Structures are given as structure tokens and as C-alpha cells.
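In: Coordinates for the following, if possible.
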Amino acid sequence: MFEPARTHSLWELVEYRAQVSRGAPMFHDGDGRSVTFDGVRDAALRAAAGFRELGIGAGTRVAWQLPTRIETVIASLALARLGAVQTPVIPQHREREVGFILAESAAEFVLVPGVWRGFDHTAMVRKAAGDGVRVVPVGDGLPTADPAGLPDAVSDSDGGTTWIYYTSGTTSSPKGVEHTDATLLAGGIGLATALGMSADDVGSIAFPYAHIAGPDYVIAMLVSGFPAVILDTFEPGRAADAYRRHGVTMAGGSTAFYQAFLDESRRYRQRHPQAGRLIPSLRLLSGGGAPMPPELYTAAGRELGCAIVHGYGMTECPMITMGTPYDGDEQLSRTVGRPVVGAEIRIARPDGSEAGAGESGEVTLKGAMLFRRYTDPALTAGAFAADGFFRTGDLGYLRPDGHLVLTGRLKDIIIRKGENISAQEIEDLVHTHPAVAETAVIGLPDRERGERVCAVVTPADPAAAPLTLDELTAHLRAAGLMTQKLPEQLETVGELPRGGPLNKVLKAALRERYTE
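Out: Numbers count the residues shown, from 1 in each chain. Okay, the predicted model is just below:
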């Protein structure tokens, strides 16, 4: 009997679910289309044959920058069927990030959507890609061919890299994170086990499928057999309409989604005072990617009439901890849950020794869902403790009930809508503006975004007119910075606060000064 937990191949799981749930829906989209589990499998086989005719096969390095659509999932499963090494790229990335990713991942092919949301991805990627990279627009449909001639599916039993994800982390250049089918499967199984979903549930994907949470969630669907509503953009009102039509029982994505649904529900009740709940079928909101204020847990849960289960993961380890529907309100509102099945957490003191119960330290971990390595060997060498545990850079402690509480982070990153943003990358570009002498970029608490990007600058010429936010963002856009990283707040000061033996900028003081 097939057991999902024992497989190392994503395609094997696809085949298993297509047989067991033949005729059952896997996806519904915002345009009224639906496709079954076996329909997705069959479409992926045709696409795999089409990709093979383009010259893609086992080991071929394929990047893709595609919106969250049924066809995107099919494309990624088709590449998995061929054994290609795929590099998903967030659609919001622009030339600066895309050029680095394509070069560092040694991409041979790039799949793009053509023009999407008014932006020409084909032109941008062709400009960013180096010689020898083939750009394949798939906005009008994936290439297809007869799958009868496909070679046998490639096994992941050797543990070789099949996925490369990029995260900004704490450095100005993105970090390449190498995963295998097996590591992603372990993460998805951990998520599925914690959530306890069944074929009677209906989930949702309204976040970028190119994020590591994309395959994590799809694997949970394949393990548990539940369908999902998939949307290429998240607009709270549009999403709620689609979720009502399809009876979605679990929604979410990150803390920002909880806030968005809370606000939408309040607007909805004002417009329709007799209509009841925003999404009557909803029983769970789930997500991660940013801290969840206890006040938001209480307000959103009460307003939406559902439980909220929050978790903790990262590109290097897609599932670390997760709340469950069986946890109590105090556990769900004050922690990020217990380690998922297969994950082992160790809290380390600064000297590397293990912290005692309830003692805060750096969160380190092991598990089958942990990445293989970074594409940069130097980063890999510094990422693991002497005992083999991965150093997350996050601070927290384990409670007696086994739940993890996160208390801060060593990394100088900003988490905006669940995405890690490097403060240093933005600082480097802000500093190139002729009106700026010094800068510090910080994350400030934000009701809608989790954190917003704030640039604090000192003027190059104090007598000149102060730099405006519009002028700064225009400069950063021209430098190729993606929209999601643009500062939403600009503050000008006479000098930056500094201290310590190295006279470092005291960002904590800036956060305290500008937090409302």
C-alpha cells in the first residue's frame, strides 16, 4: 500500500492521488474553471512531453516567474515529472533580482507569463538573462505533446537538488536555498498532519505559488485529498466572493491575510447587515511568515467565526512549527505552535549549549524538511552549529507544553506581508541618492503588512530642500528595486543614533522612535 510519508518523489504522490481521488476536484479558480486531481496529472504529463520537445529533461535547470494559476502548478509538476532542477521566482521580482537569480542558479530556460498585470515579463527577463538562457513565454498556454514517449519518471532517491528557492535573508544579494523533492514532501506532510484536513475540506491559495509555501500547500492537498480555490492576485473582496461560492473551509497565508479578512468582514457586514458571516463555511485561518499580535487573533477569530492556527517556517525549512485546531486559545494566540512531525527544535545559548526550559536563545533545528545546502558554499559552512543543527537566526523559547514562542530575530530583516526583505539591500541603494549622506532602513509594525519599510536618512546638504518619499521611490525604481521593497515611510534626521565599540547605528532606538 502506498504511504505518502515513505515516498521521496513528488510525482509519485501526484500519481497516487490521481488514482485514489479520480474525478474529485483539485482546483477551482477565479474564472470559474475547475480541474480534477487526475486532470491535473494528465495535463502535467502533456506539458512534460511539450517541455521535453523544447530540450528540457532530467537535470535541466529551469527558472519560472509565473503568477499563481492552475497552469503554474501544472508546469511545476511537469518539470518534477521530468526531473528538472526548477527555480521558482516571485512574479514581483524585477530585473535586479531576476538577473542575479538566473546567473547564480545557472538557469538554461526561463518560463514567463508574457504581459501580466500590465508588466512585460518577457522583455524584462530577456534583458536580465545572460547569453544561452532561453526565454519561453507561456501566457497563451503551456507547450504540450503526446506523453506516450516520455521516459520513466526520475526518482529523487539520490537526494539531489531538484528545487532552488531564493530568499533575501540578511544579505544584499538573495541566497539560493537548495531543496529536494523529499525535503519539500516532508514539509507538506508536516503541514497536512498539523491541520488535519480531509477530502471534505476546501482550501485556498491566494499567495505566490513561487513562494516555498506553494508546493508545501499543494503537497498537503495531495496527501489529504482536499481541493483548493487558487487566485492569481489577492483582493480581499474578490477572494471572499470566490470562497463563498466554493465553500472554502480554510483560508489564510500570513498575518496580513488575517487583517485583510477582518477588515473585509467589517465592511461586508456594513453593506449586508443581514447576510451573516463573510465566509459561512470557514472554520480555519492558517498561515505564518510574520508575528501575529494576540489582539489580531482575538478580533479576527471573533469577527470571522473561525479558529486561527499560526505557524513558523522559512525558505530553508518550509515547516518548523504549526498550531492545530485542537490547541487552546492561549496556545494559539501566544505561540507559533509545536514542532511539526519530523522537526526537532533546540534552543541554543550564545555559547552553543542547550538552553533550559523556558530560557530564550537562538532557535536551531533538524528534520527531514531541512534544505540540503545553499548555492554558496560559504553560506552553508556558517549556517550549521557544531552539532549539525541549522541556525535560524531567530530567538525564542520552548514552553513546557512544547509550544514555541518567538521573541525576536538576530537577522536584520523586515518581514512585509510574509516576505523577507533585506534592509542592507535597500540601504545600499538609498545611499546612492545624491541627497542622502547616511541611511538606516528599519521595519516598523504595520496593521496591514505586518511590517512596513521605513528609510531614515541624513541629508547630504542640510540647507537643501528635504528629500521626499516620491523622489526616493522613483530613484529606487530606476535602480531596479522591486515594488514590495520600496519604503513606505521616509524620515530625515540630523544624525543617526550610534553606540557600542564599533559605533554601530542603533536601529532599535530608531524603531522605538518611529513606532506609532
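In: quick one: P25 from M482, how far?
Out: Per Cβ to Cβ, to the nearest Å, P25 is found 34 Å from M482. Yep, even glycine has a C-beta here, placed from its N, CA and C like the rest.
In: which residues of the stretch 101-250 of the chain score low on pLDDT?
Out: Applying pLDDT under 70 to the stretch 101-250 of the chain picks out residues 156-158, 168-172.
In: all strands of it, in order?
Out: When secondary structure is read from DSSP state E, counting those that start in this stretch, the stretch 101-250 of the chain shows strands at 109-112, 115-116, 119-120, 134-137, 163-167, 175-179, 203-205, 228-230, 250-254.
In: lowest average confidence, helix or strand, in the chain?
Out: Between all helices and strands in the chain, the lowest mean by mean pLDDT, DSSP states H and E belongs to strand 498-499, at a mean of 74.
In: after that strand comes which helix or strand?
Out: Reading on from strand 498-499 to the C-terminus, the next helix or strand found by DSSP states H and E is strand 504-505.
In: Can you list the strands that that following strand pairs with?
Out: Here strand 504-505 has these sheet partners by DSSP bridges: strand 498-499 (antiparallel).
In: Sort out which residues of stretch 272-291 are buried, please.
Out: Using 16 or more other Cβ atoms under 10 Å as the test for burial, stretch 272-291 gives L278, I279, S281, L282, L284, L285, S286, G287, G288, G289, A290, P291.
In: Is it possible to get TSV of those residues that adds secondary structure and pLDDT?
Out: Formatted as TSV, the buried residues of stretch 272-291 follow (DSSP: H, G, I helix; E, B strand; the rest coil; pLDDT from 0 to 100):
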residue	secondary structure	pLDDT
L278	coil	97
I279	coil	97
S281	coil	98
L282	coil	98
L284	strand	96
L285	strand	96
S286	strand	95
G287	strand	91
G288	strand	88
G289	coil	78
A290	coil	73
P291	coil	75
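In: Adding distance to D351, write the residues you listed out as a markdown table.
Out: Below are the buried residues of stretch 272-291 laid out as a markdown table (distance: Cβ to Cβ, whole Å):
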| residue | distance to D351 |
| --- | --- |
| L278 | 50 |
| I279 | 49 |
| S281 | 51 |
| L282 | 46 |
| L284 | 41 |
| L285 | 39 |
| S286 | 36 |
| G287 | 34 |
| G288 | 29 |
| G289 | 30 |
| A290 | 30 |
| P291 | 27 |
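In: Which pair of those spans the longest distance?
Out: Pairwise distances among the buried residues of stretch 272-291 were taken by Cβ to Cβ; the largest, 27.9 Å, belongs to S281 and P291.
In: Can you classify V35 as helix, strand or coil?
Out: Under DSSP: H, G, I helix; E, B strand; the rest coil, the three-state class of V35 is strand.
In: So the spatially most central residue of the chain versus Y165, what's the distance?
Out: Centrality entry for the chain: nearest residue to the mean C-alpha point is H211, 3.7 Å, by Cα atoms, centre = their mean. Plainly put, H211 is 8 Å away from Y165 if you go by Cβ to Cβ.
In: Tell me, how many residues neighbour A148?
Out: Using other Cβ atoms under 10 Å, A148 has 7 other residues around it.
In: Over to D461?
Out: D461, neighbours per other Cβ under 10 Å, totals 9.
In: Could you shift the numbering so residue one becomes 368, and keep it that way?
Out: Yes, from this point I'll number from 368; that puts the last item at D828.
In: Nearest spatial neighbour of it, chain-adjacent residues omitted?
Out: Of all residues not flanking D828 in the chain, A802 sits nearest, at 7.2 Å (Cβ to Cβ, 6 or more residues apart in numbering).
In: Does the one you found touch A830 like I think?
Out: No. With contact defined as Cβ atoms under 8 Å, A802 does not count as touching A830 (11.7 Å).
In: More neighbours: these two, which one.
Out: Between A802 and A830, counted using other Cβ under 10 Å, the more crowded position is A802 (17 against 5).
In: and that one, what does it touch?
Out: By Cβ atoms under 8 Å, 6 or more residues apart in numbering, the residues touching A802 are V824, P826, A827, D828, A831, L834, E838.
In: closest to T435 among these?
Out: Out of the contacts of A802, the member with the shortest distance to T435 (by Cβ to Cβ) is E838, at 33.3 Å.
In: Pull the number of nearby residues for that closest one.
Out: Neighbour count of E838, defined by other Cβ under 10 Å: 14.
In: Quickly find the element holding it.
Out: Assigned by DSSP H and E, E838 falls in helix 836-845.
In: Which residues does that helix contact?
Out: Helix 836-845 has contacts (Cβ under 8 Å, 6+ apart) with 793, 796-797, 799-800, 802, 822, 824, 850, 852-854, 856-857.
In: quick one: V407 and A827, what's the gap?
Out: Computed as Cβ to Cβ, the V407 to A827 distance reads 56 Å.
In: higher neighbour count, those two?
Out: V407 (22 against 13).
In: Would you agree that one is in contact with I441?
Out: Yes. Assessed by Cβ under 8 Å, V407 is found in contact with I441 at 6.1 Å.
In: Tell me what the residue nearest to E729 when sequence neighbours are not counted is bridged to.
Out: Excluding its sequence neighbours, the residue lying closest to E729 (Cβ to Cβ, 6+ apart) is A715, at 4.8 Å. Per DSSP bridges, the residues bridged to A715 are E721, E729.
In: what's the answer for A807, then?
Out: Beta bridges link A807 to V823 when assigned by DSSP bridges.
In: what sits against it?
Out: A807 touches A790, E794, A822, V823, L863, V872, K874, L877, counting by Cβ under 8 Å, 6+ apart.
In: Let me know the pLDDT of it.
Out: The model reports A807 with a pLDDT of 91.
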